[in-house]
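*Asks:* Next input, structure requested:
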Amino acid sequence: MDKAVFVQNIKKYCAAKGVKPTVACRESGVGSSFINNIESRGQVPSVEKVQLLAQYLGVTVGELLGEDPSKSTNGPPRPYLVFRFNQLSPKSQEDVMAFVEYRWVQDQKEKADEEPKTP
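*Replies:* Numbers count the residues shown, from 1 in each chain. From the prediction side, this is the model:
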């Protein structure tokens with residue numbers, strides 16, 4: 001694990017969520033000195049703590065560790081979207097999911113229309 005990349009990703013996903021890294025570490029249960037222990041003491045975090053922090057930030061462990069090759073540069077970061085979605089009421093979440101499904105179907109139809117027709 002590249003500790004510098006890990007810490008950089010913690011800070012990036014915290015910024016996307018709108019929370020300070022020390023607050024995220026404390027609220028996720030990994031401890032407010034988590035980042036300092038990695039940077040200053042060279043401590044290697046446990047799998048459990050990495051999982052707790054990833055869950056809190058709404059990302060995968062792979063994304064947090066910098067191992068996820070599917071990095072999308074289009075649109076807002078996924079942690080932000082997950083964070084905002086989780087703040088919605090259950091009814092609003094249902095509405096969002098219905099819209100997402102509708103858009104997916106529309107995109108599939110558009111892709112099918114773009115494919116060349118064979119006679």
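*Asks:* show me the contacts for Val7.
*Replies:* Contacts for Val7 (Cβ atoms under 8 Å, 6 or more residues apart in numbering) come out as 35, 38-39. Backbone N, C-alpha and C define where each C-beta goes, glycine included.
*Asks:* so where does it fall, helix or strand?
*Replies:* helix 3-17 (DSSP states H and E).
*Asks:* Ok, Gln93 next?
*Replies:* helix 90-114.
*Asks:* For that helix, name the packing helices and strands.
*Replies:* The contact analysis (3 or more Cβ pairs under 8 Å, 6 or more residues apart in numbering; DSSP states H and E) places helix 90-114 against no helix or strand.
*Asks:* ok, and what's touching that helix?
*Replies:* 85, 88.
*Asks:* Show me what the least confident helix or strand in the chain by mean pLDDT is packed up against.
*Replies:* When the helices and strands of the chain are scored by mean pLDDT, DSSP states H and E, helix 78-87 comes last with a mean of 74. Counting contacts by 3+ Cβ pairs under 8 Å, 6+ apart, helix 78-87 packs against helix 3-17.
*Asks:* Go through the helix it packs on and flag the buried ones.
*Replies:* 6-7, 9-10, 12-14, 16-17 (16 or more other Cβ atoms under 10 Å).
*Asks:* Going by neighbour count, which residues of the helix or strand just after it are buried?
*Replies:* Using DSSP H and E, the helix or strand that follows helix 3-17 towards the C-terminus is helix 21-28. By neighbour count on 16+ other Cβ under 10 Å, the buried set for helix 21-28 is 21, 24-25, 28.
*Asks:* Pull the residues that contact helix 21-28.
*Replies:* Under Cβ under 8 Å, 6+ apart, the answer for helix 21-28 is 10-11, 14, 17, 19, 31-35, 52-53, 55-57.
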